[in-house]
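>>> This is a predicted model, with the sequence first.
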Amino acid sequence: MNRCALLVFSVAVLVVAAGCQKDETTSRDANLAGVNVAVGEKDGAFSKLFVLNEGNFQKNNSTLDFFRFSDGNYVSDAFGSMNPSVVQGLGDTGNDLALKNGKLWLVMNGSGYVHVLDGKDETLLASIPVPDPRFIAFDSYHAYVTSYDGAIYGGDEKKGKVYRISLDSYKIDGEVEVGFQPEGISIGGGKIYVANSGGYNSVHGNTLSVIDPGTFKVTGEKSVPSNPRFVYANNDGRIWVSSYGESSWSQDSAGNWIQSMSEPMGLYLIDGRESGGGKNNSGPVEGVHVNCMTVANGYIYAIGNAEEMTGGFNNTLYKVPVSGGRMESFSFSKTQLSAIGNPYGICVNIDNGDIYIADADYTGPGKVWCFTKDLKLKWSAVAGMLPAHMVLY
């Protein structure tokens, strides 16, 4: 969670949910019964949907849940159950969750650790100290983690870093300085792209750092909209970037704080491909507002408030093809998505098209909702505090 109150969702970010084949052997966590919320799906491609609950900042109450497809049970705090000797549990403020080679990687921003778990039974394999970690991405040999690197809100400007971690040893074997308060990270076309938000500074950032993974050095920057967060790099030269937006706060006569948006929490295309006449298609994706997003089956799935610029409230699901084509949008109020209060994270099942949405209550346990690709409610479950990040195993 962004400690300067700019973070209103998570993707994220933008790190894309990845899956692996089911392991049919009996797992050590098979005796965790949980709460039955749905009919099992024994013939699907996945065994579990993992849910990382961010928890409240500095409350050390992050938890890891999972939905088990075989029997339809939702298991709360699986990490705590499977690792009882870890006294402090997962730790503070889970900011990202990803899967690589059957291992879960949990980015714990408040605690300053990246945990590695066995996806089969949630057993802790390693805890890697990283200062103020934010988001994670992978290539074949390394994990790359963005880091605020000790920056303080309202303090002296301090640039962030990307830390490189070996997938074999779970040791940091490199670091490189990027821009201020780096957020999302993505790898595409043989390059690493890092969104520099500058969220702690009076003037927000507006660049992507470009890193050569071979030399692990910054080779350039790309200009992007102010306050970038998620980034997704296609191998064809397209780079998709979301922005936190720009806003100011004021109090009305009753003392209520009112937010005024001057720039939307939007989605932007940075297109490196030239068309006829040397032009490209870079620019905002009109009408798309983003407070959380993911990428699956060739589409960006994003959720945002379509009326944020006019002070209204209209949660909307957007489906944007990453390789070009017509964007679709679905207002929550006109579908069964209307049951969701505060969408905080999204994941899509690449096997059957099911959409999972994390719903944050902020003052108590949240929920996880499952909808079919036709936006029909399939099941829901009570989660932990601030469910946000999900991945299929």
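Noted; the coordinates are in hand.
>>> Stretch 225-244: how far from the chain's middle?
13 Å (Cα atoms, centre = their mean, to the nearest Å).
>>> Alpha carbons only: can I get it in CSV?
Written as CSV, here are the backbone C-alpha positions of stretch 225-244 (Å, rounded to 0.1, in the frame of the first residue of the first chain):
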residue,chain,number,x,y,z
PRO,A,225,2.1,10.6,-18.0
SER,A,226,2.7,11.9,-14.5
ASN,A,227,2.6,9.6,-11.5
PRO,A,228,2.9,6.2,-13.3
ARG,A,229,2.1,3.0,-11.5
PHE,A,230,1.5,-0.2,-13.5
VAL,A,231,3.5,-1.0,-16.6
TYR,A,232,3.1,-3.9,-19.1
ALA,A,233,5.5,-4.3,-22.0
ASN,A,234,4.4,-6.3,-25.0
ASN,A,235,7.1,-8.0,-27.1
ASP,A,236,5.9,-6.1,-30.2
GLY,A,237,7.0,-2.6,-28.9
ARG,A,238,3.8,-1.5,-27.1
ILE,A,239,4.2,-0.4,-23.5
TRP,A,240,1.0,0.1,-21.5
VAL,A,241,1.2,2.4,-18.4
SER,A,242,-1.3,3.3,-15.8
SER,A,243,-1.2,6.6,-13.8
TYR,A,244,-2.3,7.3,-10.3
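>>> buried sites along that stretch?
Buried residues in stretch 225-244, counted by 16 or more other Cβ atoms under 10 Å: 225-234, 238-244. Where C-beta positions appear, they are placed from N, C-alpha and C, glycine not excepted.
>>> now swap in stretch 307-325 and tell me
Residues of stretch 307-325 classed as buried: 308, 309, 315, 316, 317, 318, 319, 320, 322 (neighbour count, 16+ other Cβ under 10 Å).
>>> Relative to residue 119, which of the residues you listed is nearest.
residue 322 (26.2 Å; Cβ to Cβ).
>>> Could you pull up the residues touching that closest one?
Contacts for residue 322 (Cβ atoms under 8 Å, 6 or more residues apart in numbering) come out as 232, 234, 238, 240, 295, 298, 299, 300.
>>> So what's the gap between stretch 180-189 and the chain middle?
12 Å.
>>> Could you tell me which residues within that stretch count as buried?
Buried residues in stretch 180-189 (16+ other Cβ under 10 Å): 180, 181, 182, 183, 184, 185, 186, 187, 188.
>>> Show me where this structure has its helices.
Taking DSSP state H as the test, the helices found in the chain are 78-82.
>>> Pass me the low-pLDDT residue ranges in it, would you?
1-25, 248-250, 257-259, 261, 272-281 (pLDDT under 70).
>>> where do the strands sit along the stretch 201-350 of the chain?
Using DSSP state E, counting those that start in this stretch, the strands of the stretch 201-350 of the chain run over residues 207-212, 217-223, 228-233, 238-243, 246-251, 257-263, 266-271, 283-289, 292-296, 299-305, 315-321, 328-331, 343-348.
>>> ranking the ones you listed by burial, who's on top?
With neighbours taken as mean count of other Cβ atoms under 10 Å, the strands of the stretch 201-350 of the chain reach their highest mean count in strand 228-233, at a mean of 29.
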